[in-house]
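1. how would this look folded up:
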Amino acid sequence: MEINDLTPAEVRVWQAFPRGEAVDFRAARDESRSVRATVLRALLLDGPAVSGEVAALKLQGARITGVLDLRYATVESVVRLSDCHFDDVPDFSGAQLKYLNLTGSRLPGLASARVRVDGGLRLTNCRFTGPVRLGGAQIAGALYLESAEVTAPDGNERPVLQLHQVTVGEDLCASRLRTHGEIRLNGATISGSLRLEDAELRHPVGFVLNAEALEVGANVLGRRLRAHGRIDLRGARIPGRLDLLNSTLSNPGGTAMRASSCVIGEVWLRKGPPMEGRLNLRRSQIEHLDLEPEMLPDQVRLLDLTYTSLTPHVPPEHRLPMLERDEETFDPHGYEQLTACYRRTGDDHAARLVQLAKQRRHRTTLPWYGRLWGHVQDATVGYGFRPMRALGWLLSLLAIGSVAFAVDAPPPLKADEVPDFNPVFYTLDLLLPVISFGQEPAFAPEGGQQWLSYVLVLAGWILATTVVAGVTRTVSRQ
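-> Residues are numbered from 1 along each chain as shown. As a prediction, the model looks like this:
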């Protein structure tokens with residue numbers, strides 16, 4: 001391209017490029033700050049050079065007309081087009097760049113699938129009115145999307161921010177990001193952290209963040225995140241924190257967050273309003289779960305969830321509802337996990353209450369005769385977790401029998417061979433199925449006394465059976 005074919009604005013850019021000098025058009029009138037995309041392409045692919053200088057394209061406040069087409073090009077110069085206005089969607093698909101900075105620019109979209117950037121890609125404070133396509137991009141440095149805004153025309157069902165299979169060598173910084181539509185991040189690999197603090201993501205009819213099989217090297221930080229739609233992290237690997245303190249997660253009638261089959265170091269979910277929609281943590285492995293009961297939604301999926309520690313430490317009455325909100329199935333593993341957490345903190349009383357709740361929940365899945373026997377065990381000894389209740393029943397029956405037989409002693413079988421009648425030990429002989437004090441075989445109750453003896457014998461066997469079942473359950477648990 002000859003310099004004689006250039007406008008005055010383009011001449012300034014052409015002359016500044018070989019020395020890497022910045023050109024600022026922010027104070028210029030609209031017609032005097034226009035630069036054709038073909039001029040920029042010519043500079044980046046075959047621009048002039050000055051010995052001893054590092055060429056760079058540095059524009060600020062320019063209006064770029066036409067399509068900046070750098071598909072599959074290799075650009076050796078730094079590209080910084082900040083606060084610029086693009087009339088058409090720039091296309092960097094398959095290109096190899098040293099560094100790209102579009103901070104503060106206004107664009108109708110961005111086509112950069114499979115782009116390779118040796119440094120960082122900065123889209124801070126950009127405004128996109130169409131999809132941003134970065135699928136398969138390889139960015140050696142960080143990807144910056146802070147305070148960016150990405151929307152799409154009405155009726156567009158494709159993701160507005162396509163980051164699937166992207167590789168980022170440092171952090172993906174998206175604090176204060178605002179999107180209206182789906183962010184597709186599935187299969188992405190981020191060596192550092194994914195930062196979404198104070199972001200606002202909206203897509204009420206579908207995904208706001210689709211990040212299946214996401215891998216990060218450190219954390220996913222989403223404090224004060226406002227997500228109106230579905231977050232999907234199924235199969236993610238997060239060795240550090242999934243930090244959602246003070247966040248608002250809402251997807252009424254659907255799933256607010258699915259983090260199933262994940263491996264996560266820590267999950268922080270508290271200090272925010274109650275979640276609207278389902279929470280799915282099934283089959284995940286979490287080292288530390290910092291979960292505030294008040295944030296849990298009405299439906300929780302926890303089947304085969306494994307965690308080592310659970311905070312804050314609250315009474316089991318506040319934790320048990322989350323195990324009962326999985327309406328699809330009874331999951332004994334969830335109760336065992338919660339029991340183990342209370343035992344690690346030394347709260348054995350809370351652990352016993354969780355085990356009692358487990359037996360009661362299991363009872364609802366049994367046939368009628370199993371439920372009947374369960375009610376008997378619960379009423380008598382609390383499934384073995386309340387052994388003092390059996391002692392209370394025993395003392396009560398002992399008192400009733402002793403008084404009844406003291407008032408009206410049963411006749412002896414052989415008057416000249418029987419020991420002296422003792423109503424207390426006679427009642428104990430009836431109640432205790434193994435121990436014998438020699439009273440019960442020596443006397444023969446009649447009428448109402450006989451029916452009372454039947455009741456005491458039956459009650460004794462029931463108490464003995466339930467106590468043995470409770471002790472066996474306790475021993476096997478240890």
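2. C-alpha coordinates for stretch 183-199, PDB please?
-> These are the backbone C-alpha positions of stretch 183-199, laid out as PDB (Å, rounded to 0.1, in the frame of the first residue of the first chain):
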ATOM      1  CA  ILE A 183     -20.800 -18.300  28.700                       C
ATOM      2  CA  ARG A 184     -19.400 -21.600  27.300                       C
ATOM      3  CA  LEU A 185     -16.300 -22.600  29.200                       C
ATOM      4  CA  ASN A 186     -16.500 -26.400  28.900                       C
ATOM      5  CA  GLY A 187     -13.200 -28.200  28.500                       C
ATOM      6  CA  ALA A 188     -11.200 -25.100  29.300                       C
ATOM      7  CA  THR A 189      -7.800 -25.200  31.000                       C
ATOM      8  CA  ILE A 190      -6.700 -22.300  33.200                       C
ATOM      9  CA  SER A 191      -3.400 -22.600  34.800                       C
ATOM     10  CA  GLY A 192      -4.200 -19.900  37.400                       C
ATOM     11  CA  SER A 193      -7.500 -18.800  38.800                       C
ATOM     12  CA  LEU A 194     -10.900 -18.000  37.200                       C
ATOM     13  CA  ARG A 195     -12.000 -14.700  38.700                       C
ATOM     14  CA  LEU A 196     -15.700 -13.700  38.600                       C
ATOM     15  CA  GLU A 197     -16.000 -11.400  41.600                       C
ATOM     16  CA  ASP A 198     -18.900  -8.900  41.300                       C
ATOM     17  CA  ALA A 199     -19.800 -10.300  37.900                       C
END
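3. If we ignore the residues flanking it in sequence, what's nearest Glu21?
-> Lys58 (6.9 Å; CB to CB, 6 or more residues apart in numbering). For every residue, glycine as well, the C-beta is placed using N, CA and C.
4. ok, now Pro108?
-> Per CB to CB, 6+ apart, closest to Pro108 is Gly130, 4.8 Å.
5. Just confirm the one you found contacts Pro90, I think it does.
-> No. At 11.4 Å, Gly130 does not count as touching Pro90 under the criterion of CB atoms under 8 Å.
6. what residue ranges in the chain score low on pLDDT?
-> Scanning the chain for pLDDT under 70 picks out 1-3, 30-31, 154-156, 327-328, 379-388, 390, 415, 466-478.
7. Nearest spatial neighbour of the spatially most central residue of it, chain-adjacent residues omitted?
-> Note on the chain: the residue nearest the mean C-alpha position is Ala259, at 4.5 Å, using CA atoms, centre = their mean. The shortest distance from Ala259 to any non-neighbouring residue, by CB to CB, 6+ apart, is to Leu233 (4.4 Å).
8. Is it correct that Ile64 falls within a strand?
-> Yes. According to DSSP: H, G, I helix; E, B strand; the rest coil, Ile64 belongs to a strand.
9. That one: neighbouring residues, count only.
-> 23 (other CB atoms under 10 Å).
10. Check whether it really touches Val79, as I assumed.
-> No. In this structure, Ile64 is not within contact of Val79 by CB under 8 Å, at 11.8 Å.
11. And the spatially most distant residue from the centre of the chain, how far from Phe443?
-> For the chain, the residue at maximal distance from the C-alpha centroid (CA atoms, centre = their mean) is Asp416, at 79.1 Å. Applying CB to CB, to the nearest Å, the value for Asp416 to Phe443 is 14 Å.
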